[in-house]
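Student: What would the 3D arrangement of this be:
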Amino acid sequence: MSDAKSEERDAARRAAILKAARECFLQFGYAKTSLDDIAKRANISRPLIYRKFKNKEDVFSALLEHDFMSRYPEAEKVLAGTVSPREKLFRLYEILLLEPWSDMRRAPMALEFYETCERQFPEVQAKQSRLLLKATQSILESKELSQVFMLAVEGLYSDIPTISVLRRRLQLLVERFV
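Tutor: Residues are numbered from 1 along each chain as shown. Reported below is the predicted structural model:
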């Protein structure tokens, strides 16, 4: 098999594993999801998962990285755009906060998913926070103001609001900061 076809197949398998893992973690929770569950959902064998990932922690970490980084190119387009700072800031957080929240909110284990990320994978969370701070600072221009904005954003979804409530809260916050 050619290297290009092999790479395509590997990328497709990895994507299938991550998609299946996301579904399993959101349905069953991190602790109750096994690599067997992921393999079944992805329609592959468990040994194939081990060819791509060391263990369940590695799968979860890769999933977190993938979920955030797959949204980042769209966020960079917003940052490069010519809209007002207020529109940029709202759109940035719409892409990186509202859209993922909307995708996960209805899942039985969504809250546990976020808690697992923060508790067990602080290095992934820290990387995402650094990128988000850099993006926010490019709009607000002040690191300290950007840090305060990000802390305020964290409070917006602490009571697990509906997406419409979260969107309105974000609009109000952006209006106060820009």
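Student: first to last residue in stretch 111-131, what's the distance?
Tutor: Terminal residues of stretch 111-131 are spaced 23 Å apart (CA to CA, to the nearest Å).
Student: Buried ones in that stretch, by neighbour count?
Tutor: Residues of stretch 111-131 classed as buried by neighbour count (16 or more other CB atoms under 10 Å): 112-114, 116-117, 121, 124-125, 128, 131. Heads up, the C-betas are built off the backbone N, CA and C, glycines and all.
Student: Residues contacting that stretch, please?
Tutor: Contact partners of stretch 111-131, identified using CB atoms under 8 Å, 6 or more residues apart in numbering, comprise 25-26, 29-30, 57, 60-61, 64-65, 68, 72, 104, 107, 150, 160.
Student: Quick one: mean pLDDT over it.
Tutor: Averaged over stretch 111-131, pLDDT sits at 86.
Student: swap in stretch 76-84?
Tutor: Stretch 76-84 comes out at a mean pLDDT of 96.
Student: What is the distance between it and the centre of its chain?
Tutor: Distance, stretch centre to chain centre, for stretch 76-84: 20 Å (CA atoms, centre = their mean, to the nearest Å).
Student: Mind listing what's buried along that stretch?
Tutor: V78.
Student: do stretch 13-31 as well
Tutor: Buried residues in stretch 13-31, defined by neighbour count with 16+ other CB under 10 Å: 13-14, 16-18, 20-26, 29-30.
Student: on contacts alone, who are the packing partners of the helix or strand containing R9?
Tutor: Using DSSP states H and E, R9 maps to helix 3-28. Applying 3 or more CB pairs under 8 Å, 6 or more residues apart in numbering; DSSP states H and E, one finds that helix 3-28 contacts helix 35-42, helix 46-52, helix 56-69, helix 110-120.
Student: and these as JSON lines, adding distance to E7?
Tutor: Conversion of the helices and strands packed on helix 3-28 to JSON lines gives the following (distance: least, CB to CB, whole Å):
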{"stretch": "helix 35-42", "distance to E7": "18"}
{"stretch": "helix 46-52", "distance to E7": "13"}
{"stretch": "helix 56-69", "distance to E7": "17"}
{"stretch": "helix 110-120", "distance to E7": "29"}
